[in-house]
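[1] Let me see the structure of the following:
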Amino acid sequence: MTPDPYESYLLQAEALFAQGEVVKAGQIWQAILKQQPTHAEARERLMAVRARLQAIHESEPPLPAPVPEPPPVDPGHDSERLLADGCTLYDMGQLEDALLKWEELLRLNPNHALAQGYANGARRELGRATAQLPAEEPAPAAASLAPPAEEDTDKLQREAVQLYDMGLVEEAIAKWERVLALEPHRQEIQAYLHQARAEAGRASLITPAVQDRESLDLKLRQAEHLLILQRHEEAAFTFQQALGLAPGNVRALQGLARCQRSDQSEGRAPSQPMDSSPPKGQHDLAHEDITVVGSGEGVEPPALLLKATPAPREGLYLPEGLRETAERLPWLKEPRRLAAIGGGLLALIAASALIHNYRKDQALKDEVRAARAAATAPLAQEALAVDLVETPAAIRQEAETALVTDPLRAYMRAQALLARDPADASAGILLEKARAGLPGGASGASLGEFEKHLQSGNLEGATKVMEALLRAQPDDAVLRLRACRLQLALCTIHAAQAKWEAAQEDLLRGRALQPGDKSWQIRLQLLERVKALPKAQQAGWIPLLG
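    Purely as a prediction, here's the structure:
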């Protein structure tokens, strides 16, 4: 069974939950769900957190009657707490409770732009109407002539920087214009305004049309919340998803730049943990703290405004037809689909290469076969003209010639003559004469002795033994077959030694042993042609005789 990579965080969340730190435990479980949405235990414990919060809310005593003079409170501290609580509840998925926190903050400070933006985002997700910031009353003429307080311009400057970092360039421009109206001598504000106005105009030109505006806004809001909670890796990943929906989106690009600046300001590489990294497959979820934007003083302008923004680069792009096809078929952008298509193309290329090589090999074989046929065509044509049929006169003449020197061959030729014409009386007389001359030869011959000579390589001795055996049993088919093989071996040896007459005698004996086999007649014709060839070419044809 595979161990749970989030086991240590689950134990830490359980400990916090047991100690009464319900919100911190819920943050850890929510972070685990963001990394692995199918984690059953984290989802179950998050439901327990929601039930605990609901029970706490229901068990709270009713509010006491309002007193005429409530004690003074610190609105700044309450604003920070309400904003952080709303962000935590929103990150846990409790939109209703988060909206209540932000609305309570807006009742304390109606001009809080950050809370108003969060509240409007939650209302849009809940399907409710959004609210606008209350219009500020124009200052009287006398007040406009009075020198503004230093803290007012600093507050406007911080709010402008926060709005710019949130991607609300137009609202940031309005804040900087108010600062410049209060302090016209501040040249850095003019530079910020010039850069922000240029970026706002360029963003309206390069931002492409988004098909699913609601999904894009939701991704951007989620990424900004994660960035506020200092979850830089998750925020960067969500901004990347937003760029996938709308390439070149200004808010997403600014968010990615903020993630990189945050990592660099903390002295670590982007998207890497600052301390010792957790085991592979885990994320440092337990050390994620909540910070509130706008609580510090002396906020520096964003780094993007301190340097000139380069002109947008034109990257790779698809033709118009392919782009429209990709938009109509969004599944083409899925990595698994692309990997399957790439694998199919590679398999198709490999199959095409194999087929091409196979066709080349077949073409080469055809060419070799054609060249061989062209080379052997003249010899084959001459071989077709050879007459392989023996005439009775030729058979009778061979039998009469061999009657004195080789009675065994004369006997076999007379048998072949009678097989053609049983009524031939002269053939019968010739057969009787040959039979009368068969007795004789080597005495005491046996097959064992014949095999012994063959194993020792003594073919001449094996020939004498086989002749004695055939004289005793001239009609034995097995002996005739062995004698034919022996004659073929002798013919090959004699031809290699250029003893053409001895090779011809070997073939004639073989033809007499097997009169029905026409291959002996072919070998005799081939022997005559090999004899006529040059000596250098004879060696290649001699093996065909055997």
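[2] after the biggest helix by length in the chain, next one along is what?
    If you go by DSSP state H, the chain has its longest helix at helix 335-384. Of the helices and strands lying after helix 335-384 in sequence (DSSP states H and E), the nearest is helix 392-405.
[3] Name the residues that touch that following helix?
    With C-beta atoms under 8 Å, 6 or more residues apart in numbering as the test, helix 392-405 has contacts from 409-410, 413-414, 416-417, 420-421, 424, 426-427, 430, 433-434, 437, 508, 512. (Each C-beta comes from the backbone N, C-alpha and C, glycine too.)
[4] coming back round to it: per-residue confidence averaged over the longest helix of the chain?
    For helix 335-384, mean pLDDT rounds to 86.
[5] same thing with stretch 432-445?
    According to the model, stretch 432-445 has a mean pLDDT of 74.
[6] ends of that stretch, how far apart?
    Start-to-end span of stretch 432-445 (C-alpha to C-alpha, to the nearest Å) is 24 Å.
[7] Name the residues of stretch 479-499 that come out as buried.
    479-480, 482-484, 486-488, 490-495 (16 or more other C-beta atoms under 10 Å).
[8] my bad, stretch 81-98
    Of all the residues in stretch 81-98, those buried under the rule 16+ other C-beta under 10 Å are 82-92, 94-95, 97-98.
[9] Now, those that are in helices?
    82-91, 95, 97-98.
[10] circling back: and the buried residues of stretch 479-499 as a markdown table, adding distance to Glu183 and pLDDT?
    Formatted as a markdown table, the buried residues of stretch 479-499 follow (distance: C-beta to C-beta, whole Å; pLDDT from 0 to 100):
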| residue | distance to Glu183 | pLDDT |
| --- | --- | --- |
| Leu479 | 132 | 86 |
| Arg480 | 130 | 87 |
| Arg482 | 127 | 88 |
| Ala483 | 130 | 87 |
| Cys484 | 125 | 90 |
| Leu486 | 126 | 88 |
| Gln487 | 127 | 88 |
| Leu488 | 121 | 89 |
| Leu490 | 126 | 88 |
| Cys491 | 124 | 91 |
| Thr492 | 119 | 89 |
| Ile493 | 122 | 89 |
| His494 | 126 | 88 |
| Ala495 | 121 | 87 |
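[11] Out of those residues, the closest to His112 would be?
    Within the buried residues of stretch 479-499, the smallest distance to His112 is 113.0 Å, found for Thr492 (C-beta to C-beta).
[12] Let me know the closest of the ones in helices among the buried residues of stretch 81-98 to His356.
    Nearest to His356 among those, with distances taken as C-beta to C-beta, is Asp91, at 59.0 Å.
[13] and the closest one, what is it in contact with?
    Per C-beta under 8 Å, 6+ apart, neighbours of Asp91: Gln27, Gln30, His225, Leu226, Leu229.
[14] Span of stretch 27-46 from start to end?
    9 Å.
[15] what pLDDT, on average, does that stretch get?
    In this model, stretch 27-46 has an average pLDDT of 82.
[16] Could you do stretch 321-332 as well?
    Mean predicted confidence for stretch 321-332 is 71.
[17] What does the pLDDT read for Arg511?
    Arg511 is assigned 88 on the pLDDT scale.
[18] quick one: it and Ile522 touch, right?
    No - look at Arg511 against Ile522 with C-beta atoms under 8 Å: they stay out of range, at 10.4 Å.
[19] Compare these two (neighbour count), which wins?
    More crowded of Arg511 and Ile522, by other C-beta atoms under 10 Å: Arg511, with 26 against 16.
[20] worst-scoring helix or strand of the protein, pLDDT-wise?
    Lowest on mean pLDDT, DSSP states H and E among the helices and strands of the chain sits helix 141-145, with a mean of 36.
[21] Mind giving me the packing neighbours of the helix or strand just after it?
    The helix or strand immediately downstream of helix 141-145 is helix 150-165, counting by DSSP H and E. Applying 3 or more C-beta pairs under 8 Å, 6 or more residues apart in numbering; DSSP states H and E, we find helix 150-165 packed against helix 113-126, helix 169-182, helix 187-206, helix 250-265.
[22] Make TSV out of those helices and add mean neighbour count, distance to Leu53 and mean pLDDT.
    Supplementary listing: the helices and strands packed on helix 150-165 in TSV, determined by neighbours: other C-beta atoms under 10 Å; distance: least, C-beta to C-beta, whole Å; pLDDT from 0 to 100:
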stretch	mean neighbour count	distance to Leu53	mean pLDDT
helix 113-126	20	17	80
helix 169-182	19	33	82
helix 187-206	15	40	72
helix 250-265	19	30	78
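[23] Need those in JSON lines (columns: distance to Glu398).
    JSON lines is the format used below for the helices and strands packed on helix 150-165 (distance: least, C-beta to C-beta, whole Å):
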{"stretch": "helix 113-126", "distance to Glu398": "115"}
{"stretch": "helix 169-182", "distance to Glu398": "119"}
{"stretch": "helix 187-206", "distance to Glu398": "107"}
{"stretch": "helix 250-265", "distance to Glu398": "107"}
